[in-house]
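Asker: My questions are about this predicted structure, shown below with the sequence.
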Amino acid sequence: MNTSLKTGLQRGDVLFGPMLTLACPDVSDMFSRAGFDWLWIELEHATMSLETVQQMLQAAGGRVPCIVRSPWNDHVWLKRILDTGCDGVVIPQIRSADEATSAVAACRYSPLGHRSVGIGRAHGFGLEFKEYLARANDELTIVLQIEHIDGVNQIEAILSVPGWDAVMIGPYDLSASMNMIGQVESPEVQAAIRRVKDACKAKRKPYGIFAPDLAIAKRQIADGCTMLLIGVDATILANAGKSLLAQIHS
């Protein structure tokens, strides 16, 4: 298990990672060699299967920490994702302290939680079973995603739940929950984001956000974000192709 993400979050390092949505192990292989601090493998909105997720983890080769976003805060999904051998999970749509508590418990073995005990790639297919059980509770990275106004309104209670490592703010779903879909720069949405950031700062908890371009990334770093999701593989590829074509035509 690669613990550099968890350690970096605890130190307050600024950490950059892309979202991988293309169901192709070669993509995670390439991005794992590019120098990113971590990779986000997307299961909530991508079309890939859990089998493909495991293959992408294998292709990354342990070169960089890989976390997987679950489709939902669901203990069945979480136990299956964790058994692939990922370094952690992002859990979407956390709206209350009870939901945060349930999420953390689903990722922790007894006595800290109720994660089911099985044998998968995480356990070396049984060859490292005892070793994995002994360290998983301490080494897995758990990221709670705040992306609904209900979660914003309950942020102080959510942050009081023990056992997680970072908050990831989701501006677009947050805007939708406020009936302002896509208006992430509106004063109302920015005020909600500010409330989450201020609460995290007060608790000295790491937090991050999606930063699709350099200007936004710089602004977010200046605002205390240390976990930066800085692009999507499909968009990076499309923009590179578009840029190349524009240069040729010019």
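Answerer: Sure thing, it's come through. Quantities reported herein were computed from a predicted structural model and do not represent experimental measurements. Residues are numbered from 1 along each chain as shown.

Asker: tell me the contacts of Ile146?
Answerer: For Ile146, the contact set (Cβ atoms under 8 Å, 6 or more residues apart in numbering) comprises Ile94, Val152, Ile155, Ile158, Val167, Met168, Ile169, Gly170, Leu174, Val196. Glycine gets a C-beta too; all of them are placed from N, C-alpha and C.

Asker: I figured Leu78 hits Ser70, correct?
Answerer: Yes - with contacts defined as Cβ atoms under 8 Å, Leu78 counts as touching Ser70 at a distance of 5.7 Å.

Asker: joint contacts of those two?
Answerer: When contacts are counted by Cβ under 8 Å, 6+ apart, the set common to Leu78 and Ser70 consists of Val89, Ile91.

Asker: mind listing the strands for the chain?
Answerer: Counting by DSSP state E, residue ranges of the strands within the chain are 15-20, 39-42, 66-69, 88-91, 141-146, 166-169, 207-210, 227-232.

Asker: Work out which residue lies at the spatial centre of this structure.
Answerer: For the chain, Val90 is the residue whose C-alpha lies nearest the centre (Cα atoms, centre = their mean; 3.9 Å).

Asker: show me what contacts Asn73?
Answerer: Counting by Cβ under 8 Å, 6+ apart, the residues that Asn73 touches are Ile91, Pro92, Gln93, Ile94, Glu99, Ser102, Ala103, Ala106.

Asker: same thing but 10 Å
Answerer: Ile91, Pro92, Gln93, Ile94, Arg95, Glu99, Ala100, Ser102, Ala103, Ala106, Leu144, Gln145 (Cβ atoms under 10 Å, 6 or more residues apart in numbering).

Asker: still on that earlier bit, okay, the strands of the chain in a markdown table with distance to His114 and mean pLDDT next?
Answerer: Putting those into a markdown table (distance: least, Cβ to Cβ, whole Å; pLDDT from 0 to 100) gives the following:
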| stretch | distance to His114 | mean pLDDT |
| --- | --- | --- |
| strand 15-20 | 29 | 98 |
| strand 39-42 | 24 | 98 |
| strand 66-69 | 20 | 98 |
| strand 88-91 | 15 | 98 |
| strand 141-146 | 14 | 98 |
| strand 166-169 | 22 | 98 |
| strand 207-210 | 27 | 98 |
| strand 227-232 | 27 | 96 |
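
Asker: So which of those strands is nearest Asn2?
Answerer: Closest of those to Asn2 is strand 66-69, at 7.5 Å (criterion: Cβ to Cβ).

Asker: Let me know the pLDDT of the closest residue to Ile221 other than its chain neighbours.
Answerer: Spatial nearest neighbour of Ile221, excluding adjacent residues (Cβ to Cβ, 6 or more residues apart in numbering): Val14 at 5.7 Å. According to the predicted model, the pLDDT of Val14 comes to 98.

Asker: tally of neighbours for Val14?
Answerer: 15 (other Cβ atoms under 10 Å).

Asker: how much space is there between it and Ala211?
Answerer: In this view, Val14 and Ala211 are 11 Å apart by Cβ to Cβ, to the nearest Å.

Asker: Can you work out which residues contact both of those two?
Answerer: Ala217, Gln220, Ile221, Cys225, Leu228.

Asker: Just the buried ones from the residues you listed?
Answerer: Judged by neighbour count, with 16 or more other Cβ atoms under 10 Å as the criterion, the buried members of those are Ala217, Gln220, Cys225, Leu228.

Asker: Please report the distance of the last one from Ala59.
Answerer: As for Leu228, its distance to Ala59 is 23 Å (criterion: Cβ to Cβ).

Asker: and if you look at the second one?
Answerer: Between Gln220 and Ala59 the distance, using Cβ to Cβ, works out to 29 Å.

Asker: just the first one next, same as before
Answerer: Taking Cβ to Cβ as the criterion, Ala217 is separated from Ala59 by 26 Å.

Asker: if we can go back for a sec, nearest to Leu5, of the shared contacts of Val14 and Ala211?
Answerer: Leu228 (12.4 Å).
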